[in-house]
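Give me a 3D structure for the following:
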Amino acid sequence: MLSSLSHTSSSTTAFFLSSTAKFLRPRFSFCPFQFPIHQKRHRSLFSHSTAASMDSAATVDSVADDLKKQNLQGVEIKLKLNLEELNWDNSFVRELPGDPRSDSIPREVLHACYTKVLPSVPVNNPQLVAWSESVAELLELDPREFERPDFPLIFSGASPLMGAIPYAQNYGGHQFGMWAGQLGDGRAITLGEILNSKSQRWELQLKGAGKTPYSRFADGLAVLRSSIREFLCSEAMHGLGIPTTRALCLVTTGKDVMRDMFYDGNPKDEPGAIVCRVAQSFLRFGSYQLHASRGKKDFELVRALADYAIRYHFPHLENMTRSESISANTGVDLTSNKYAAWAVEVAERTASMIARWQDVGFTHGVMNTDNMSMLGLTIDYGPFGFLDSFDPSYTPNTTDLPGRRYCFANQPDVGLWNIAQVTSALSTAGLLSDKEADYAMERYGNKFMDDYQDIMTRKLGLTKYNKKLIGELLKNMVSDKVDYTNFFRSLSNIKADPAIPEDRLLIPLKDVLLDIGMERREAWTSWMKSYIQELSTTGVLDEERKVSMNFVNPKYILRNYLCQNAIDAAEQGDFGEVRQLLKVMQCPFDEQPGMEKYARLPPAWAHRPGVCMLSCSS
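Residues are numbered from 1 along each chain as shown. You can find the predicted model right below:
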């Protein structure tokens, strides 16, 4: 397997090893965002019934029939539930073995996938900071529930939520390349799973809700600073079309939490807070690694967890037919082993997710295997950051600065390394053969490269991938530290006219090519000629291309200084900027007149040490 890993890694990143284009690791995705669907306005649900009543009294049955007909015509009648009406299922607790103890004393938890534990965070008049109406829609929760006086108490964990069976998950993981053994949910407590009317399963989890057996020496709490960042980035990533956990709401606890933000021996009190995270599942690579590492006695736990994941989150793999196999001409028959088909899909989802990170300049910061989702979701927003000036070696994690293991350029390779660890765990437990594990890693590399090339082609408004043109572009961007987001957005202003005079070629990019000298201007002019020549062969009209490019190149990203502004205001009791920033980041591809300030380059103060501290202290 190790030889395959080395081979796959080299083939995956060969393109990036040329000059400064190393960061080019295949970044792409099917669609870096969700295209908006503009539906026609429908008439009132009762329009037909009202008209009918003019001739004769409408019966209850006629009204019901009319509603059914209109619903079939595309009018969706949405449920609006209160908290007490949510449909809890709790399959994880029901179907998997748990810890016989339910205390939160730090300890090693053996032969169990979770520990039932109640939130224990102290609160004093908790306040609702922000909430996501789109997440509420997933749960079919009535928006008016956010106005309930007891809502902050419930989502701080101080008041129980009827139907919930809280627990903390048990998992392990590699941290910075070293096996760390048992880790688990040290401050995140899952309330349970909700089934909506579409049978979609959504797990609700309170992050910062108090100690669990997996807290080790920590207090299990979270501060407002990091909680705002997690809440906003969860929803911002969704707005960008990147697979991610979501965030329903953010509340303050009313109690201070002591944190040493700068790791300099000078801790101080900060406001405490809790985020309610939402995902189909919070299963991680480390969920399987831990039990596989504990020997034969726990191999059945690995299988049970795999069966659980496939049953509820990959059901299409339960009864694959040979014609549906995705292992064409490889010698690996995925139809004969559902675990192999599952591992391949996990690898491909992970590859697509990381390709989309590269697309928008997102750097996770802590790609440990306990922070990798088995569903291919971006999970655990600790020290994250979006690129400002283009620097492939950028890392938002202060503890990662010496080796930059998790820098922007390395994310694709780290993803492959992580896939190797989880497939190794599945192989150890007897679920995969070495050949099947190798194939999953191969599929990761292929999927990543396919997606990356597709993304870069669309970002430049081309109709086919041009390796040389893209490579030269990225070299230039590195040399001049060009703002990653604003550059690609401005690129849509280029006209595909080879007759444009040379001295006017760079005018559309004057706001992003700042302070470049004569030599660099010549380099950019040369690239621009090649780019315009390529555009002129596509046959796509300039305005059409501009629209399509703006669909994939966001105008707004969650820059660190924007987060810091929102944090500063919130720590003074003003939550308005958090809520405004949430609205802007929900539509990052739209122009949003009046919101242009959120697309500006970071001010000088944003580069001072300590601003937007992105360490793991939270």
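
mind checking the SS state of residue 601?
coil (DSSP: H, G, I helix; E, B strand; the rest coil).

okay, now it: neighbour count?
By other C-beta atoms under 10 Å, 16 other residues sit near residue 601. Any C-beta I mention is one placed from the backbone N, CA and C, and that applies to glycine too.

Please apply the same query to the one 5 residues further on.
Each residue near residue 606 was counted by other C-beta under 10 Å, and the total is 16.

One more: residue 130?
Using other C-beta under 10 Å, residue 130 is surrounded by 24 other residues.

Tell me the helix or strand right after the helix or strand hosting it.
Using DSSP states H and E, residue 130 sits within strand 127-131. Following strand 127-131 in sequence order, the next helix or strand is helix 133-139 (DSSP H and E).

Now that following helix: buried residues?
135-136, 138-139 (16 or more other C-beta atoms under 10 Å).

could those residues go into TSV alongside distance to residue 306 and pLDDT?
TSV is the format used below for the buried residues of helix 133-139 (distance: C-beta to C-beta, whole Å; pLDDT from 0 to 100):
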residue	distance to residue 306	pLDDT
135	28	98
136	32	98
138	26	97
139	27	98
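
which one among the residues you listed gets closest to residue 423?
Nearest to residue 423 among the buried residues of helix 133-139: residue 138, at 31.0 Å, using C-beta to C-beta.

what's around the closest residue to that closest one other than its chain neighbours, how many residues?
In this structure, residue 138 finds its nearest non-sequential neighbour in residue 202, 6.0 Å apart by C-beta to C-beta, 6 or more residues apart in numbering. By other C-beta under 10 Å, 21 other residues sit near residue 202.

Direction included, what does the helix or strand hosting residue 202 pair against?
Under the criterion of DSSP H and E, residue 202 resides in strand 201-207. Strand 201-207 sits in its sheet next to strand 188-195 (antiparallel), strand 268-279 (antiparallel), going by DSSP bridges.

Dump the C-alpha coordinates for the first one into CSV.
Output of strand 188-195 as CSV, limited to C-alpha atoms (Å, rounded to 0.1, in the frame of the first residue of the first chain):
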residue,chain,number,x,y,z
ALA,A,188,-18.9,18.7,21.4
ILE,A,189,-22.0,16.9,22.5
THR,A,190,-24.4,15.5,19.9
LEU,A,191,-28.1,15.9,20.9
GLY,A,192,-29.2,13.3,18.4
GLU,A,193,-30.6,13.0,14.9
ILE,A,194,-33.7,14.6,13.4
LEU,A,195,-35.6,13.2,10.4
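
And the average pLDDT for that strand is what?
Here strand 188-195 scores 98 as its mean pLDDT.

Contacts made by that strand with the rest, please.
For strand 188-195, contacts defined as C-beta atoms under 8 Å, 6 or more residues apart in numbering pick out 86-93, 114, 117-119, 139, 157, 161, 163-169, 201-210, 212, 277, 282.

And stretch 149-157, end to end?
Length of stretch 149-157, first residue to last, C-alpha to C-alpha, to the nearest Å: 14 Å.

Which residue, other than its chain neighbours, is closest to residue 579?
residue 130 (5.2 Å).

If you could redo that for residue 227, that was the one I meant.
Per C-beta to C-beta, 6+ apart, closest to residue 227 is residue 273, 3.8 Å.

For the one you found, which residues are in contact?
Per C-beta under 8 Å, 6+ apart, neighbours of residue 273: 129, 208, 222-224, 227-228, 250-253.

The residue nearest to residue 579 bridge partners, please.
residue 250.

roughly how far apart are it and residue 252?
To residue 252, residue 130 is 11 Å away according to C-beta to C-beta, to the nearest Å.

what about the helices in the stretch 201-350 of the chain?
Assigned helices in the stretch 201-350 of the chain, in chain order: 224-239, 285-293, 299-313, 338-360 (criterion: DSSP state H, counting those that start in this stretch).

need the ones you listed in CSV with distance to residue 502, mean pLDDT and mean neighbour count, can you?
Compiled in CSV, those are given as follows (distance: least, C-beta to C-beta, whole Å; pLDDT from 0 to 100; neighbours: other C-beta atoms under 10 Å):
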stretch, distance to residue 502, mean pLDDT, mean neighbour count
helix 224-239, 39, 98, 25
helix 285-293, 52, 98, 27
helix 299-313, 55, 98, 18
helix 338-360, 31, 98, 26
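
okay if I get these as CSV plus distance to residue 451?
Formatted as CSV, the entries for these read as follows, by distance: least, C-beta to C-beta, whole Å:
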stretch, distance to residue 451
helix 224-239, 16
helix 285-293, 20
helix 299-313, 21
helix 338-360, 4
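
Quick check: next helix or strand after the helix or strand containing residue 534?
For residue 534, the element it lies in under DSSP H and E is helix 518-536. As assigned by DSSP H and E, the chain's next helix or strand after helix 518-536 is helix 542-552.
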